[in-house]
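# quick one, fold the following:
(one chain, ligands or ions: 2)
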Amino acid sequence: MDGTRRLYKRYPSSRAGHDTMNTRTLHLRSERATQRLGHAIGTFLRPPDTVLLQGELGSGKTSFARGLIRSLLYHPEDIPSPTFNLIQIYETLTGELWHIDLYRIRTSNEIDELGLIDAFSTSICVIEWPDRLGSLTPQSALTLELTSSTDNDGAREVTLSWTAERWTRPLLNIGKDAIL
Ligand SMILES: Nc1ncnc2c1ncn2[C@@H]1O[C@H](COP(=O)(O)OP(=O)(O)OP(=O)(O)O)[C@@H](O)[C@H]1O
Ligand SMILES: [Mg+2]
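Residues are numbered from 1 along each chain as shown. Ligands and ions are numbered 1, 2, ... in the order given. Model (predicted):
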């Protein structure tokens, strides 16, 4: 059996309604693998998709975002971490993309001031520290949670989770060779 598929689980969502929560867990053995997963996912994004990047400080959120953004740029360019600017905006092959770091955000007013709510309906949004969004979190988002690998080898593990049906086929189609 294909090991990739074995990691895919389906179970009922804890939220009310008919949404089904899907998850897939992958091992990312290097920063390059993290970037390659970003690249693989970036190729099927379009506005107004939102990708939420959860994980502790230094878990690889920006590395993932760099691969994702690179897959969508017309021309290669530097992709700085938005840690200080909070938002970097890119014109991409499929439309505008916002790369956002909410680490220093404390209130929903501040989120409002960033113009993020509008961006959720017009642009691809890739968000680090999305827990700051609280009730503003888009329900159709794809969520990634990056953690240290349990092998204690300095690598990472990532769990993808989503309810929107449109993510299912492309996410299950990402082969393990794509992220070596
Ligand atoms: N799969 C991986 N295995 C080992 N190291 C990795 C992996 N992915 C990323 N890294 C490393 O983790 C470090 C932190 O990466 P990155 O800046 O992307 O984290 P971050 O989650 O954005 O941090 P912050 O919370 O400060 O925004 C970098 O040195 C990067 O090389
Ligand atoms: Mg970061």
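# check contacts around the residue nearest the centre of the chain.
Among the residues of the chain, Val51 comes closest to the average C-alpha position under C-alpha atoms, centre = their mean, at 3.7 Å. Applying C-beta atoms under 8 Å, 6 or more residues apart in numbering, we find Val51 in contact with Ile41, Leu45, Leu68, Ile124, Cys125, Val126, Ile127, Ala141, Leu142, Thr143, Leu144. From N, CA and C alone the C-beta is placed, and that goes for glycine too.
# before we move on, what about Ile87?
Contacts for Ile87 (C-beta under 8 Å, 6+ apart) come out as Trp98, His99, Ile100, Asp101, Leu114.
# tell me the pLDDT of the fourth one.
Spelled out, it's Asp101. We have a pLDDT of 98 for Asp101.
# what's the burial count for it?
Asp101 has 23 neighbouring residues, counting by other C-beta atoms under 10 Å.
# let me see the ranges of the strands in the chain.
Per DSSP state E, the chain has strands spanning 8-12, 20-28, 50-55, 87-92, 95-101, 124-128, 142-148, 156-162. These are given in chain order.
# please identify the deepest-packed of the ones you listed.
Among the strands of the chain, the stretch with the highest mean neighbour count (mean count of other C-beta atoms under 10 Å) is strand 124-128, at a mean of 27.
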